[in-house]
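Undergrad: here are the coordinates; sequence isn't available:
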């Protein structure tokens, strides 16, 4: 599943899959074929406490999402978001 779809437009012309206010489920485990990288930085163990949790998107950036529940501490890549929840 790709990072962009048709929900909002950026200056780059691409669109993010999720938008501010969306509630999303974080994956239970890091993607299998990844080094569990967050915006090109290795994940710190403290970030692991959010795996499997539902979070609210606070800000949408070009390659990452910022969440409300972690007070914007982490930048979440699309591969770490399992799905949108109601």
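TA: Right, received. Where do you want to start? Every value quoted in this text rests on a predicted model; they were computed, and no experiment measured them.

Undergrad: how about stretch 78-86: buried residues?
TA: Neighbour-count burial for stretch 78-86, counted by 16 or more other C-beta atoms under 10 Å, picks out 78, 79, 80, 81. Every residue, glycine included, has its C-beta placed from N, CA and C.

Undergrad: Can you list which of these are found in strands?
TA: Of the buried residues of stretch 78-86, the ones assigned to strands by DSSP state E are residue 81.

Undergrad: Closest to residue 60 out of the buried residues of stretch 78-86?
TA: residue 78 (10.7 Å; C-beta to C-beta).

Undergrad: Now tabulate the buried residues of stretch 78-86 in JSON lines and tack on distance to residue 15 and pLDDT.
TA: Formatted as JSON lines, these follow (distance: C-beta to C-beta, whole Å; pLDDT from 0 to 100):
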{"residue": "78", "distance to residue 15": "12", "pLDDT": "89"}
{"residue": "79", "distance to residue 15": "17", "pLDDT": "84"}
{"residue": "80", "distance to residue 15": "19", "pLDDT": "87"}
{"residue": "81", "distance to residue 15": "15", "pLDDT": "93"}
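
Undergrad: Just the closest of the buried residues of stretch 78-86 to residue 23, please.
TA: Relative to residue 23, the closest of the buried residues of stretch 78-86 is residue 81; by C-beta to C-beta it sits at 10.7 Å.

Undergrad: Which neighbouring residues are in contact with the closest one, exactly?
TA: 17, 18, 24, 25, 26, 27, 65 (C-beta atoms under 8 Å, 6 or more residues apart in numbering).

Undergrad: top of those residues by neighbour count?
TA: Within the contacts of residue 81, neighbour counts (other C-beta atoms under 10 Å) peak at residue 65, which reaches 25 neighbours.

Undergrad: before we move on, the earlier item: narrow the contacts of residue 81 to those in strands?
TA: 24, 25, 26, 65.

Undergrad: Can you name the two of these that sit furthest apart?
TA: 25 and 65 (12.5 Å).

Undergrad: Does residue 76 touch residue 65 like I think?
TA: Yes: contact criterion C-beta atoms under 8 Å: residue 76 and residue 65 qualify, at 4.6 Å.
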